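*Asks:* Here's my sequence, what's the structure:
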Amino acid sequence: MAEQQHGFTRTAARKALAPLAHAAVTAGTAYLTRKAMQLWREKLQPKVEKRGARAVAQETLKNVADKAGAVTSANRETQRRQRKQRRNQRRRALDKSGSS
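*Replies:* As a prediction, this is how the structure comes out:
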């Protein structure tokens, strides 16, 4: 009987929350759409009209690459060594905790 009550409660909660979740998703989508249009009008459209889409795209990609850091083989090797170091530290910690 308790299991049926739990299942009923869960089903009732889902049915009650579904419209709220749907409304939240709809409101979020509307907000993001408005913000995207605002961003386009204020930031991107003037640049595209002034310099052209290709130039804006190239500048954007360059800025993203600069901020993210260019992936070079040396950079990749450094990251690989750091991951290996972290794995070894975790192994030592596990070995130490297992032996005590």
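
*Asks:* Quick one: the helices in the protein, in order.
*Replies:* In the chain, the helices defined using DSSP state H lie at 2-39, 45-51, 53-68, 73-99.

*Asks:* Tell me which of the ones you listed sits most buried.
*Replies:* The highest mean neighbour count among the helices of the chain, using mean count of other Cβ atoms under 10 Å, belongs to helix 45-51: a mean of 12. Quick note: C-beta positions are derived from backbone N, CA and C, even for glycine.

*Asks:* Mean pLDDT added to the helices of the chain, as CSV?
*Replies:* Listed next are the helices of the chain as CSV, based on pLDDT from 0 to 100:
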stretch, mean pLDDT
helix 2-39, 89
helix 45-51, 93
helix 53-68, 88
helix 73-99, 89
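
*Asks:* Identify the residues contacting residue 48.
*Replies:* Each residue near residue 48 by Cβ atoms under 8 Å, 6 or more residues apart in numbering is listed here: residue 56.

*Asks:* Can you tell me how far it is from residue 74?
*Replies:* 36 Å (Cβ to Cβ, to the nearest Å).

*Asks:* Okay, domains of this protein per the record?
*Replies:* Domain assignment for the chain by automatic domain parsing gives 1-69, 71-100.

*Asks:* how much space between residue 34 and residue 63?
*Replies:* Note on residue 34: its distance to residue 63, by Cβ to Cβ, is 25 Å.

*Asks:* ditto for residue 72
*Replies:* Taking Cβ to Cβ, one finds residue 72 at 18 Å from residue 63.
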